[in-house]
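Engineer: Fold the following for me, if possible:
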Amino acid sequence: MTTKARRRERYAQDPDYRANQRARCRAYYRAHKQEINERSRAYYHAHKQDIQPILRRGQLKRLYGMSPADYDGLLAKQDGMCAICGTPSEETLCVDHCHATGIIRGLLCRKCNTGLGCYEDDPATMIRRSPISEAARVTAPAPQRNARWRPAPCCRRRARA
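Structural biologist: Numbers count the residues shown, from 1 in each chain. Purely as a prediction, here's the structure:
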């Protein structure tokens, strides 16, 4: 058995040894926190192109339970366009999913994803109101903003309980 394997086994079996090792690691990190963070930042910026796909892959799996191949398949199925407005996007499309069930509904551009969020994830309400807003845009003049202007209630950040 190698030395490394013996240490690993002792760490797994001996709670006192494990507590001592963890305390040593915490003390080292506290003493060298700034230089550790600087090294990490420098490494990230030097290898950003290699790291970002790995982070994206983990994010897709963790948040939506899908692989990059699943994402690419959905993107190809939608011909690289937003599922709501149908415009191609230069940026990565957002994964639209039901927050209650977790079911993926499609890929959206950032504008449609934000708009859908303002309508509390109800695409039917968003679609129902779109002709109204289109008609209002054609007939009504642009509102004059004053010093007391605030965004619509649907676009304000809600306090999470």
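Engineer: and R56, how many neighbours?
Structural biologist: Neighbour count for R56, taken as other CB atoms under 10 Å: 13. C-beta: built from backbone N, CA, C; applies to glycine.
Engineer: give me every residue that touches it.
Structural biologist: 68, 92 (CB atoms under 8 Å, 6 or more residues apart in numbering).
Engineer: Can you say which helix or strand has it in it?
Structural biologist: Element membership for R56 (DSSP states H and E) is helix 48-59.
Engineer: Past that helix, which element shows up next along the chain?
Structural biologist: On the C-terminal side of helix 48-59, the closest following helix or strand by DSSP H and E is helix 68-77.
Engineer: buried stuff in stretch 18-28?
Structural biologist: By 16 or more other CB atoms under 10 Å, stretch 18-28 has no buried positions at all.
Engineer: can you tell me the average pLDDT over it?
Structural biologist: The pLDDT scores in stretch 18-28 average 97.
Engineer: In this structure, where is pLDDT below threshold?
Structural biologist: For the chain, applying pLDDT under 70 flags the ranges 121-123, 126-127, 129-161.
Engineer: count of neighbours near I84?
Structural biologist: 21.
Engineer: tell me the domain boundaries of this protein?
Structural biologist: The chain breaks down into these domains under automatic domain parsing: 3-46, 66-133.
Engineer: Please look at L93 and C112 and confirm they touch.
Structural biologist: No - if you go by CB atoms under 8 Å, L93 and C112 don't touch, sitting 9.3 Å apart.
Engineer: Determine the residues that are contacts of both of those two.
Structural biologist: C82.
Engineer: Would you mind measuring from the residue lying closest to L63 once chain neighbours are set aside to H47?
Structural biologist: Leaving aside its chain neighbours, L63 sits nearest to V95 (7.5 Å; criterion: CB to CB, 6 or more residues apart in numbering). V95 sits 25 Å away from H47, going by CB to CB, to the nearest Å.
Engineer: out of these two, which sits in the more crowded spot?
Structural biologist: Set side by side, V95 and H47 show more neighbours around V95, with 19 against 11, by other CB under 10 Å.
Engineer: which phi and psi does the residue lying closest to G80 once chain neighbours are set aside have?
Structural biologist: Excluding the flanking residues, the one nearest G80 by CB to CB, 6+ apart is P88, at 5.4 Å. With angles defined as degrees, to the nearest 10, P88 sits at phi -70, psi 150.
Engineer: P88 touches L107, doesn't it?
Structural biologist: No - the criterion here is CB under 8 Å, and P88 misses it with L107 at 11.3 Å.
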